[in-house]
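J.: quick one: sequence and predicted model below, then my questions.
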Amino acid sequence: MTSNKTTRVARDKASRKTGDRPGRVARKKTGGAWMREHVSDQFVKRAARDGMRSRASYKLKEIDEGDKLIKPGMCVVDLGAAPGGWSQLVAPVVGDGGMVFALDMLEMAPIPHVRFIQGDFREQAVLGQLEQALKGRTVDLVLSDMAPNISGIASTDQVRALHLVELALEFAVTYLKPGGTLLVKAFQGEGVDDLRRQMRAFFETVVVRKPEASRNRSSEFFLLARGRKMPDATAATGGETV
Ligand SMILES: C[S@@+](CC[C@H](N)C(=O)[O-])C[C@H]1O[C@@H](n2cnc3c(N)ncnc32)[C@H](O)[C@@H]1O
């Protein structure tokens, strides 16, 4: 793994992204067209009805229904958590015996039993705050729904998105318990095959998930990596470099 200090550079400060506004595609639509689609979206309506903060909640919900990721007592880290839809789902399941640490560069209104850290995950100081909050705990499940704002230049956007995935992977590899799980959002494009190869060095299985709530025309998908290998086992298969 390249050192945290060298990869976690405070470069390319992503401009802020709100809620679950679809990154990749937003540039093709006018603000009015996006808003019309958003208000008629079945998941937006469901979120309003269910009191969920984001339509993104239904992406995690569907993945969790199939893959049974979230369990009582777990320690979970939710990266790119605002406005809080994923943490809202996770906190009641992990319950009093578990912990949820949520992080985002945007503000997030409090959620009971969720410890929130506001900051840019690319910055070493922000990672330091998360490390401090963990107080030496190891983590069962790392979730990352982080996505950079879209510049409209495909190659630049893909580099920024991959950088966030790599940071989430680096964090997961460092803090997950052996056997732990990482669910991370990525975007189709250059570098994705390499990324999956990298992930396979650290996890027993790596599979793709594209839940229904993830719009078909969006290149977004999720990589689900299960069974964090024991660090020694990873080294034996030539891994331990993110
Ligand atoms: C799709 S939204 C997450 C939605 C969230 N999962 C939910 O259910 O409410 C993506 C989030 O990633 C955050 N983000 C993007 N880059 C980030 C970074 N470098 N550090 C921290 N958060 C970041 C954005 O601020 C945004 O809130």
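T.: Nice, thanks for sending it over.
J.: list, one by one, the residues from the protein near the ligand.
T.: 14, 16-17, 20, 53-54, 56-57, 80-86, 103-106, 120-122, 145-148, 164 (Cβ under 6 Å from any ligand atom). To be clear about C-beta, it is placed using only N, CA and C from the backbone, and glycine gets the same treatment.
J.: what subset of the residues you listed is buried?
T.: Neighbour-count burial (16 or more other Cβ atoms under 10 Å) is assigned, among the residues of the chain next to the ligand, to 14, 17, 20, 53-54, 56-57, 80-86, 103-105, 120-122, 145-148, 164.
J.: now go through those residues and say which are in helices.
T.: Judged by DSSP state H, helices contain the following of those: 57, 85, 86, 164.
J.: now render these as JSON lines, adding pLDDT.
T.: Below are these laid out as JSON lines (pLDDT from 0 to 100):
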{"residue": "57", "pLDDT": "97"}
{"residue": "85", "pLDDT": "98"}
{"residue": "86", "pLDDT": "98"}
{"residue": "164", "pLDDT": "98"}
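J.: out of the residues you listed, the closest to the ligand would be?
T.: The nearest member of these to the ligand, counting by Cβ to the nearest ligand atom, is residue 85 at 2.8 Å.
J.: so which bits of stretch 55-70 are buried?
T.: 55, 56, 57, 58, 59, 60, 61, 62, 63, 64, 69, 70.
J.: how about those residues in CSV, adding distance to residue 49?
T.: Below are these laid out as CSV (distance: Cβ to Cβ, whole Å):
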residue, distance to residue 49
55, 12
56, 16
57, 12
58, 12
59, 17
60, 17
61, 14
62, 17
63, 21
64, 19
69, 24
70, 22
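J.: confirm residue 172 sits in a helix?
T.: Yes: assessed with DSSP: H, G, I helix; E, B strand; the rest coil, residue 172 lies in a helix.
J.: any idea how far the ligand is from it?
T.: Distance of residue 172 to the ligand, given as Cβ to the nearest ligand atom, to the nearest Å: 15 Å.
J.: give me the number of residues near that residue?
T.: Residue 172: 27 surrounding residues under other Cβ atoms under 10 Å.
J.: could you do residue 134 as well?
T.: So residue 134, with other Cβ under 10 Å, has 16 neighbours.
J.: assess the claim that it and residue 175 are in contact.
T.: Yes: taking Cβ atoms under 8 Å as the definition, residue 134 is a contact partner of residue 175 at 6.8 Å.
J.: which neighbours do those two share?
T.: residue 77 (Cβ atoms under 8 Å, 6 or more residues apart in numbering).
J.: any chance you could map the strands in the chain?
T.: Using DSSP state E, the strands of the chain run over 75-79, 99-104, 114-118, 139-144, 176-187, 203-209, 220-228.
J.: and the third one, average pLDDT?
T.: Averaged across strand 114-118, pLDDT comes to 98.
J.: mind listing what that strand pairs with, with the direction of each?
T.: Partners of strand 114-118 in the sheet, by DSSP bridges, are strand 99-104 (parallel).
J.: what separates the residue most central in space within the chain from residue 230, distance-wise?
T.: Nearest to the mean C-alpha position of the chain, by Cα atoms, centre = their mean, lies residue 144 at 0.9 Å. Noted for residue 144: a distance of 22 Å to residue 230, by Cβ to Cβ, to the nearest Å.
J.: same deal with residue 67?
T.: For residue 67 relative to residue 230 (Cβ to Cβ), the value is 22 Å.
J.: same check on residue 46?
T.: 40 Å.
J.: reformat the strands of the chain as a markdown table; add distance to residue 90.
T.: What follows is these, written out as a markdown table (distance: least, Cβ to Cβ, whole Å):
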| stretch | distance to residue 90 |
| --- | --- |
| strand 75-79 | 5 |
| strand 99-104 | 5 |
| strand 114-118 | 8 |
| strand 139-144 | 7 |
| strand 176-187 | 11 |
| strand 203-209 | 16 |
| strand 220-228 | 15 |
